[in-house]
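> give the three-dimensional model of this entry:
(chains A and B)
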2 protein chains.
Amino acid sequence: MTSIDQVLEHLASNHGRILGKLIDFAAIPSVSTDPAHAADMRAAARWVARALESAGPFTVRTIETPGNPVVYAEWLGAPGTLTVLVYGHYDVQPADPLEKWSSPPFTPTLRDGRLYARGVSDDKGPMLIPIEVARSYFAVAGTLPVNVKCMFEGEEEIGSANLDAFIRDNTKLLAADVVLSADGAMWRIDEPSLTVSSRGLVGLELTLAASSKDLHSGRHGGGVANPLHAMATLIASLHAPNGRVAVAGFYDRVRELTPTERAAIAALPFDEGKYLAQVGAPAPFGEPGYTTLERQWTRPTLEVNGMWGGYTGPGQKTVIPSEAHAKITCRLVPDQDPAEVIALVTRHLESHVPPGTRLSIAPDGHGARAAHIETAHFALEAAGAALYAVYGVHPLIVRMGGTVPISELFQRRMGLDTVFFSFSTADEDYHAPNEFFRVHRLHEGLEAWARYWEMLAETRR
Amino acid sequence: MTSIDQVLEHLASNHGRILGKLIDFAAIPSVSTDPAHAADMRAAARWVARALESAGPFTVRTIETPGNPVVYAEWLGAPGTLTVLVYGHYDVQPADPLEKWSSPPFTPTLRDGRLYARGVSDDKGPMLIPIEVARSYFAVAGTLPVNVKCMFEGEEEIGSANLDAFIRDNTKLLAADVVLSADGAMWRIDEPSLTVSSRGLVGLELTLAASSKDLHSGRHGGGVANPLHAMATLIASLHAPNGRVAVAGFYDRVRELTPTERAAIAALPFDEGKYLAQVGAPAPFGEPGYTTLERQWTRPTLEVNGMWGGYTGPGQKTVIPSEAHAKITCRLVPDQDPAEVIALVTRHLESHVPPGTRLSIAPDGHGARAAHIETAHFALEAAGAALYAVYGVHPLIVRMGGTVPISELFQRRMGLDTVFFSFSTADEDYHAPNEFFRVHRLHEGLEAWARYWEMLAETRR
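Below is the predicted model:
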C-alpha cells in the first residue's frame, strides 16, 4: 500500500468525525459585516487555530490586523519540493432574511445528504478540507508531500480590506510557489471544473437627502421633493432599458473576448432554460450582444444590492422620508481599474442628482481587480490531473462571475498565481437563505486535495 | 359670575391635572398599523372609556368593530339645543425610526413648554380636550350647553377601514346636527385658522419579483434582471421629471381652482423661504403651474412612502434580491374617485413592468375622497367666533393637505358636515420623530371648546 492510498483510507475512515468538525465550525456565527458579531469572529479564528494545532506539527500563529485576525500555519519539512500557500476564509455572509431559512442558519442541519448552515459552502466546508488532509498525512506518514503554508482570513465577505497591507507586510512569511485557494466554487455539481478567471469588485453607498426630517405626506406632499422618487430616478439612470450600464466610460477599458475565447465559452454545456428554472427567473436579462455565460463571466456589471427609505413595516405610514439610500457594487473584468470605475460612477451620480435633493456618496472599501491564470500553468495542470483521478473525467475550464480579491492581490504583491481548488458548488445558495454543502463533496474534496499535493510534489516547474 | 366663566375658571385650575392625564394617555403605545400592538390598542380604548365615564353622566359604550373598537359616549340632557358629534382617534402612527427620537416615543417628556411623545399632537392631546371640557361643565353646572355624542376610533392612522360600515350601521345612534372633529391641525402656531377642505387618500403596495430566491451578484450578476433596478425604473415612470404625475388620466377629474379661490390662497400669509427652512428642504418641488400652497392643498399627489429590497444593514452584501417592494399613496382632491385612481395607477404599473420581472399589487384599504365645508356653515361661523374670543383675531380660512376620512364618510352616510376644531399645529411632527404638543395649546383648546359649545347652544340653525 502506497502512502497516498493509506492517506485516502485514513481520510475515508474519518468521514464521520470530519463532518462533525464542520458542524461545530459552522455553528459559529462569524458574520464579518456586522459589528454585533465581533466576538464570534474571534471565536471562529480561535477555532481555526486549534484545528491547525491539533492537525500535526504546524507552526500556528494568529496574526492581528486592523480588522479580524489572519490565522497562519506552516510546515516546511519537505525541502526540495514545492511550497504551496493554502488560502481560505472563516467569515461568512449575513444570514438575513432569517425567515426564509428552513432551519436556523447557525444550527447546522443534515437533510438529504446536505449540510445546511450559513457559511458551510462559503467557505467553512472547503477550507476545512486541506486542514483535515494534512491531519491524515501527518497521522499516516508523519509528513506532508509538499511544504504547506495556510492563511485563513476573516474579512473575505467584506472585501478583504486589510489583506492588501497584510500581504505587503508579510511577503517573506507567505513566500510560496503557488497559491491554492480553498475558496471559490465549481460551477456545476455534475461537471468538475477549474476556474481560470474571476471578476473584480468595487462598491459604494449613496444617500439622497431632501429634507431635514421625515414629513407628513398630507401636509407636505406636493410641496417638496420626495427622496424615494429621486432615488428611483437616479438609480434608473444607471442602466439603459436594455440592461447596458449607462455610466459614461464604464466599458472603455474592458478587454473584449477573442473569437477563440467566445468559442470556448459557447462550447461549454450550458442549458439556459435549466439555469432559469434553477434561479426561478422568467427570462435572461442583461447587456445585449453577449450570451448569458459571457455576461456573467466576462462582462462588467453595476448592481444595486440594497435600496431603502421610508416606511417598510406592515400597513401604511403616510410619510415622505427625509432620506433614501442605496448600495451599489460593480463587478469588474480585465482591464478595468477599481478606482477609475468608482470615479466614473460617482461622476454619473453627481451629474444626475434630481432637483430638490442632496447627494452624498461613501465608497465601500477600495475594491479588487479582476484576476486570470493561464490554462498551461503547472499548478492548474496538476489540479486537472487530481480531479481526473477522483472523477474520471477531465475538468471543464470555466470562469467565475464572482470575486476573490486574493488572486489579484497575490499577483500584484508577490507575482504568485492562484489555483481555485474548492469543493463548493455554485448552486449551494451561499449568499442566500438555506446555504448548504453536499456531504459527498466534502469526501471528494478530501481525496482530491490529498492527490493534488501528491501530484504537486512530483511536479518540476 | 356666569356659567361659562365658572367653567373656564374650573378648567384653568385643573391645567396640571389635565396635563398629567395626557401624559398617562400618551404612554400607551397604541400603534394601530402594527399587529404587535394589538393589546395596547385595547388598553387605549379602555383608557378612553374610563376617562369618559369619570367625566360625568355620559352613557359610555365600547363598540366592537372587525378591527379596533369605537369608544362611544352620549349625554342628551339638553333638549331643544343642538346635538354635536365629537370625533377623535386614540390610535397613533408608528414611532420608527426610533433612533431619531430625543426621548423615548412612549415616555412623554416635557421640554420647553412642549410635551414630546408619539400621538400627543395627533390626536391624543386634541381629543382629550372635549372630554375635559365636559368634565368641567358637569362639575360646575351639572349639564352641558348642548347635547354631546363622542365617537373615538382606533383606526384613523390606518385609513379608518371599518368606520364606513360602523357609521352605516349606526346612523341612528350617531344622529347629530354637526360633527366636531378634534382631529386635524391648525396650519400655524401664530395664526388661528379654520379648515374648509381636506384631501382624500388611496394607497397600494407593489412587489416586483425577478427570481425565486436571492442570488449572488457575482455568479448571477448580468444574467438575470435585478428587481431593484426594475423598481427604480417603474417608480421613476410615475412622475415626469418636473414632478407632475405621469399616470394617464390621473388629473382628468380634478376640479380646477376658480380665480377667486386662487386669489384667497395667494392672500394668505405664507413665507416660502421660512417654510423651506422649517422642513430643511433646499427648494420647493412639484407640479409646475401651481404655488406651493396650491400644490399642498388643492392638487393631487402620488407619493412613494416606502421602497425597499436587498441588503440594508451595515457593510456590504453582494446580493441580487429576489424581490423589491414599494408603498404608494395618492392624496386626492375634488372630484377624484379613490377606486378610479387606484385603477389608473394599477394600469400604469401593469403597462410599465420592466423586462424579466413580475408585478403584484395589493390595494391598501378602500381610500377616502376629499372633503369640503362651506365657509358660511353655522357651525363654522360659531367656531370662528369661539376662536376670536380666545385669540382676539379672526381665524384664517385655510385648507388641509392631509386626509381625515371621517368628513367624507359623515357627508356620504349621514349628510353631516364636519368642523375641524383641533388644537394640534401642523409643525408638531406628528408623523415624524419627536412629535410634540404645545402645553399652551392644550390650555387654549380647553377654553375654545368650552366657548364653542356655549356659542353653538345659542345658535338657531
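
> what helix or strand is the closest residue to residue A:389 other than its chain neighbours on?
By the measure of CB to CB, 6 or more residues apart in numbering or on different chains, the closest residue to residue A:389 outside its immediate chain neighbours is residue A:451, 5.1 Å from it. In this view, the C-beta of every residue, glycine as well, is placed from N, C-alpha and C. Residue A:451 is part of helix A:439-458, with elements assigned from DSSP states H and E.

> buried sites along that helix?
A:439, A:441-457 (16 or more other CB atoms under 10 Å in any protein chain shown).

> got the contact list for the residue nearest to residue A:389?
When contacts are counted by CB atoms under 8 Å, 6 or more residues apart in numbering or on different chains, residue A:451 touches A:4, A:385-386, A:389-390.

> quick check: closest non-adjacent residue to the residue in the stretch 351-461 of chain A that chain B sits nearest to.
Residue nearest to chain B within the stretch 351-461 of chain A (CB to the nearest CB): residue A:402, separated by 2.6 Å. Of all residues not flanking residue A:402 in the chain, residue B:218 sits nearest, at 2.6 Å (CB to CB, 6+ apart).

> go ahead and confirm the one you found touches residue A:401.
Yes. Contact criterion CB atoms under 8 Å: residue B:218 and residue A:401 qualify, at 4.9 Å.

> the helix or strand containing residue A:397 pairs with which strands, and in what direction?
Per DSSP H and E: residue A:397 is located in strand A:396-400. The pairing partners recorded for strand A:396-400 under DSSP bridges are strand A:193-198 (parallel).

> and the next element down the chain from the strand it pairs with?
Counting by DSSP H and E, what follows strand A:193-198 is strand A:200-209.

> now do that next one, average pLDDT.
Per-region confidence: strand A:200-209 scores 96 on mean pLDDT.

> run through who's touching stretch A:101-116.
Against stretch A:101-116 from outside (CB under 8 Å, 6+ apart): A:19, A:22-23, A:26-29, A:95, A:98, A:117-118, A:120, A:125, A:433-440.

> quick one, phi psi at the most far-flung residue of chain A relative to its centre?
In terms of distance from the mean C-alpha position of chain A, residue A:219 ranks first, at 47.6 Å (CA atoms, centre = their mean). With angles defined as degrees, to the nearest 10, residue A:219 sits at phi -70, psi -40.

> these two touch, right, it and residue B:401?
Yes. If you go by CB under 8 Å, residue A:219 and residue B:401 touch, sitting 4.9 Å apart.

> overlap in contacts of the two?
By CB under 8 Å, 6+ apart, residue A:219 and residue B:401 have these common neighbours: residue B:296.

> in the stretch 251-400 of chain A, what residue lies closest to chain B?
For the stretch 251-400 of chain A, CB to the nearest CB, closest residue to chain B: residue A:280, 2.3 Å.

> grab the nearest non-local neighbour of that residue.
On the basis of CB to CB, 6+ apart, the spatially nearest residue to residue A:280 that is not a chain neighbour turns out to be residue B:212, at 2.3 Å.

> thinking again about what came up before, which residues are in contact with the residue farthest from the centre of chain A?
By CB under 8 Å, 6+ apart, residue A:219 lies in contact with B:185, B:296, B:400-402, B:426.

> got TSV for the contacts of residue A:451, with neighbour count, pLDDT and secondary structure too?
Formatted as TSV, those follow (neighbours: other CB atoms under 10 Å in any protein chain shown; pLDDT from 0 to 100; DSSP: H, G, I helix; E, B strand; the rest coil):
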residue	neighbour count	pLDDT	secondary structure
A:4	20	93	helix
A:385	18	96	helix
A:386	23	97	helix
A:389	16	96	helix
A:390	20	96	helix
